[in-house]
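> Provide a 3D model corresponding to the input given below.
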Amino acid sequence: MLAHFYRVYNIIIISEKHAKKQEAMPVPQKINILYMFNKLNILRAVLLAAAVVFILLGLLRNEAGVVFMRAIHICLSCIGLG
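Numbering: from 1, shown residues only. This next block holds a predicted model:
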């Protein structure tokens, strides 16, 4: 979206320069930005859904507790208490 804004902003500046010089304004190239963003948004949505599913599966299997207990054991063994 930022690239699209930059191109539009650039076209506005170019058109102001050409209006002052009374020259013909160059024709901007047609870019199919919507098609690119639709594919990118679909990919992002799929990856987000997969991340949410894996987080929920980990919570249902109590993996967070297991990871936390292992972290406690590692930290205690590092300082010589475990």
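> run through the neighbouring helices and strands of the longest helix along the chain.
Longest helix of the chain, by residue count under DSSP state H: helix 33-60. Helix 33-60 makes packing contacts with no helix or strand when contacts are defined by 3 or more Cβ pairs under 8 Å, 6 or more residues apart in numbering; DSSP states H and E. Heads up, the C-betas are built off the backbone N, CA and C, glycines and all.
> list the buried ones in it?
By neighbour count with 16 or more other Cβ atoms under 10 Å, helix 33-60 contains no buried residues.
> any idea which helix or strand comes after that helix?
Proceeding N to C from helix 33-60, the next assigned helix or strand is helix 63-78, under DSSP states H and E.
> mind saving the C-alpha coords of that next one as CSV?
Only the C-alpha atoms of helix 63-78 are listed here, as CSV (Å, rounded to 0.1, in the frame of the first residue of the first chain):
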residue,chain,number,x,y,z
GLU,A,63,2.7,-28.0,26.2
ALA,A,64,3.0,-24.6,27.8
GLY,A,65,3.3,-26.1,31.2
VAL,A,66,5.9,-28.7,30.0
VAL,A,67,8.0,-26.0,28.4
PHE,A,68,7.8,-23.8,31.5
MET,A,69,8.8,-26.7,33.8
ARG,A,70,11.8,-27.5,31.6
ALA,A,71,12.8,-23.8,31.6
ILE,A,72,12.7,-23.8,35.4
HIS,A,73,14.9,-26.9,35.6
ILE,A,74,17.4,-25.5,33.1
CYS,A,75,17.6,-22.2,35.0
LEU,A,76,18.0,-23.9,38.4
SER,A,77,20.7,-26.2,37.1
CYS,A,78,22.6,-23.2,35.6
